[in-house]
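Undergrad: Pasting the sequence and the predicted model now:
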Amino acid sequence: MAKWEGVIKKRKEIALNCELVGLKNLKITHNWRLEFDVFEVEQEKVKELIDLIQKPVAIGIVPLEE
């Protein structure tokens, strides 16, 4: 796995409200697969996210205050 050590020149941020629905250990590749459901009201942001993740990205998860 490559470690990113560059400088952020152009920042593109997308925030989605979603729910974790699946977590699977892929033992052959030594990775974890996370599966999220995104609510339909976030549909436009999902399109932006798909365009963004064609390159390596870092994803942050922030718990919502309820």
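TA: The structure has been received and is ready for your questions.
Undergrad: CA atoms for contacts and neighbours, from now on please.
TA: Fine.
Undergrad: So the residue nearest in space to the middle of the chain: helix, strand or coil?
TA: Centroid-nearest residue in the chain: Ile59, 4.7 Å away (criterion: Cα atoms, centre = their mean). Three-state call for Ile59 (DSSP: H, G, I helix; E, B strand; the rest coil): coil.
Undergrad: Could you check how far it is from Glu65?
TA: According to Cα to Cα, to the nearest Å, Ile59 stands 19 Å off from Glu65.
Undergrad: What number of residues are in the vicinity of Ile14?
TA: Using other Cα atoms under 10 Å, Ile14 has 10 neighbouring residues.
Undergrad: Would you mind listing where this protein has pLDDT under the threshold?
TA: Scanning the chain with the threshold set as pLDDT under 70 gives 1-11, 66.
Undergrad: rerun at 90
TA: Residues of the chain meeting the criterion pLDDT under 90: 1-20, 27, 29-34, 36-66.
Undergrad: can you give me the helices in it?
TA: 43-52 (DSSP state H).
Undergrad: Which stretches in it count as strands?
TA: Listed in chain order, the strands of the chain (DSSP state E) span 18-26, 31-38.
Undergrad: picking up where we left off before, list the residues that contact the residue nearest to the centre of the chain.
TA: Applying Cα atoms under 8 Å, 6 or more residues apart in numbering, one finds that Ile59 lies in contact with no residue.
Undergrad: Quick one: neighbours of the closest residue to Asn25 other than its chain neighbours, just the number.
TA: The shortest distance from Asn25 to any non-neighbouring residue, by Cα to Cα, 6 or more residues apart in numbering, is to Trp32 (4.7 Å). Neighbour count for Trp32, taken as other Cα under 10 Å: 11.
Undergrad: for Lys12, same thing?
TA: Lys12 has 9 neighbours, counted by other Cα under 10 Å.
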